[in-house]
Each structure stands twice: as C-alpha cells, then as structure tokens.
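Asks: would you be able to build a 3D model of this:
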Amino acid sequence: MANEALLEEQREETRLIIEELLDDGSDPDALYTIEHHLSCDSFDALEKAAVDAFKLGYEVTEPEELELEDGTKVMCCDILSEGALNAELIDAQVEQLIDLAAKYNVDYDGWGTYFEDPDAEDEDEGDDDDLIDEEDNGTRH
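Replies: Purely as a prediction, here's the structure:
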C-alpha cells in the first residue's frame, strides 16, 4: 500500500492543479491527457515499472535520460491516461502508480496536464457524450 503521507501530498497537489487550470479558464468539460512522471537511476527498474503500467492499460512514453541540476543523471518516462479533470479519478491513478513505483523502487514525481482552450475548435465535431465513461473509477487494470 502506498505511503499515506505521499498520497495526501499528491491529493492536495491534484486539487491545486485542477483549481489553477480552471481559474485560468481551461475547459472544465475537456478530455485531458494526464501525464504521470516516473524516474529512477536504474533503466531496468524503470522499464519494469513501465511494462507493468502498460499492462494496466496506460500509454507509456519512451524512457529518456535527464540530467538534474546537480549533474546526476536519471532515467524518466511518462505514464499517460485520458480523462476529465476529476480529482477522485486522478487520485485513484496516482495511488495505483505510487504502489507500482514502490514495487520497483522507482520515484513517482507527480502528474501534470495542459491547458485546454474552451474556445478552440473541436478536431472532431462528433458527440462528446461518447467520451464520458460513467463507470470509470480511475483505476486501470
């Protein structure tokens, strides 16, 4: 089970991110790409965590090397999902990915997303009701 202090910190951060996006005018009804960030000094450990995330139904970016301010190099990747800016759904994903990261001794470095302009033209003028899954509880399997 995930570290409760880390989970609480992430819950607060999730609500802050959502509040700031909406305060800035981001579209509350948009479908958002949520990018969960993982990092580790071991490529093998990161790769195992990424494979497990993929098996859970997440999209995974290619691992890349990143140099930190102190010169240390780490491997990192993003674990992607799409959904509404719903704090409870994001919390469920965060908990699932923190548990997964702990299994492989990988760092969970939070999540982020992008501003969605409510006035932007839709790429697909189809029915948005198809994008909402009423049974989605955030946990991937």
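Asks: quick one, grab the pLDDT at the residue positioned nearest the centre of the chain.
Replies: In the chain, the centroid-proximal residue (C-alpha atoms, centre = their mean) is His36; its distance is 2.9 Å. Model confidence at His36, expressed as pLDDT, equals 98.
Asks: now do the longest helix anywhere in the chain: everything it contacts.
Replies: Across the chain, the longest stretch assigned as helix under DSSP state H is helix 4-23. Residues from elsewhere that reach helix 4-23, judged by C-beta atoms under 8 Å, 6 or more residues apart in numbering: 28, 85, 87, 90-91, 94-95, 98, 108, 110-113, 115-116. Any C-beta I mention is one placed from the backbone N, CA and C, and that applies to glycine too.
Asks: which one of those residues is nearest Glu65?
Replies: Taking C-beta to C-beta as the measure, Glu65 sits nearest to Tyr108 out of these, at 18.6 Å.
Asks: name the surrounding residues that touch the lengthiest strand in the chain.
Replies: When the chain is parsed with DSSP state E, its longest strand is strand 73-83. Contacts with strand 73-83, where a contact means C-beta under 8 Å, 6+ apart, come from 31-43, 46, 50, 53, 58-68, 89-90, 93, 97, 109, 136, 138, 140.
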